[in-house]
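Colleague: Below are the sequence and a predicted model; questions follow.
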Amino acid sequence: MKILEAQNAVLTNYEVYKHLTEQRERYAQDKRRGPPNLETVVREILQYFRTPPNPLSQNPITYTPECVAALVERLRPYSLSKAEVVMLFNLRPQSVANLNTSVEELEERFTLEQQEAIIEIVVDVLGRFGAVDSESAAEGDVSMANGAS
């Protein structure tokens with residue numbers, strides 16, 4: 001096998017989450033189980049996504065399919081790399097300190113006002129990430145067969 005295009009597309013955690021939940025639903029509709037190793041991987045990944053402090057652990061999930069495009073469009077003036085935008089989407093920083101972990105050379109590239117504007121854009125598009133209780137985190141344990149999320 002030959003790799004023609006390495007990293008042709010980069011997916012956000014939300015896009016992976018949606019794909020896996022849709023795949024699980026397809027298997028449930030067909031009333032069949034997936035291969036055991038696939039079922040284990042899907043269950044563990046979905047459990048990881050639904051465990052705090054992951055932004056997808058918020059119940060209900062505030063992300064929508066339009067969020068990715070909206071965030072990319074609103075952050076366009078800041079000339080962030082694709083990887084930086086994906087990190088902002090996946091981590092949903094709520095402060096400049098958190099933003100520093102997602103954007104390279106943040107302080108050299110952006111003023112404090114620009115950094116705060118980036119945080120405001122993330123909060124506007126993705127919503128504020130509040131505290132999640134441990135009971136809802138325990139519900140993150142899902143399998144392909146039961147259809148629960």
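Modeller: Alright, I've got the coordinates. Small disclaimer: the values here were computed from a predicted structure and weren't measured. Numbers count the residues shown, from 1 in each chain.
Colleague: Please report the number of neighbouring residues for Gln58.
Modeller: Neighbour count of Gln58, defined by other Cβ atoms under 10 Å: 20. All C-beta spots, glycine's among them, are computed from the backbone N, C-alpha and C.
Colleague: repeat for Gln47
Modeller: Count around Gln47 with other Cβ under 10 Å applied: 16.
Colleague: got it, and Ile118?
Modeller: 24.
Colleague: swap in Leu20?
Modeller: Residues lying near Leu20 (other Cβ under 10 Å) number 19.
Colleague: That one is in what secondary structure piece?
Modeller: Assigned by DSSP states H and E, Leu20 belongs to helix 13-29.
Colleague: CA atoms only for that helix - export them in CSV, please.
Modeller: The C-alpha trace of helix 13-29 is given here as CSV (Å, rounded to 0.1, in the frame of the first residue of the first chain):
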residue,chain,number,x,y,z
ASN,A,13,-12.8,15.7,18.3
TYR,A,14,-16.4,16.6,17.7
GLU,A,15,-16.3,15.3,14.1
VAL,A,16,-14.7,12.0,15.3
TYR,A,17,-17.4,11.8,18.1
LYS,A,18,-20.2,12.3,15.6
HIS,A,19,-18.8,9.8,13.2
LEU,A,20,-18.4,7.1,15.9
THR,A,21,-21.9,7.7,17.4
GLU,A,22,-23.4,7.5,13.9
GLN,A,23,-21.5,4.4,13.1
ARG,A,24,-22.7,2.9,16.4
GLU,A,25,-26.3,3.8,15.5
ARG,A,26,-25.9,2.2,12.0
TYR,A,27,-24.8,-1.1,13.7
ALA,A,28,-27.7,-0.9,16.1
GLN,A,29,-30.2,-0.3,13.3
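Colleague: Thank you, goodbye.
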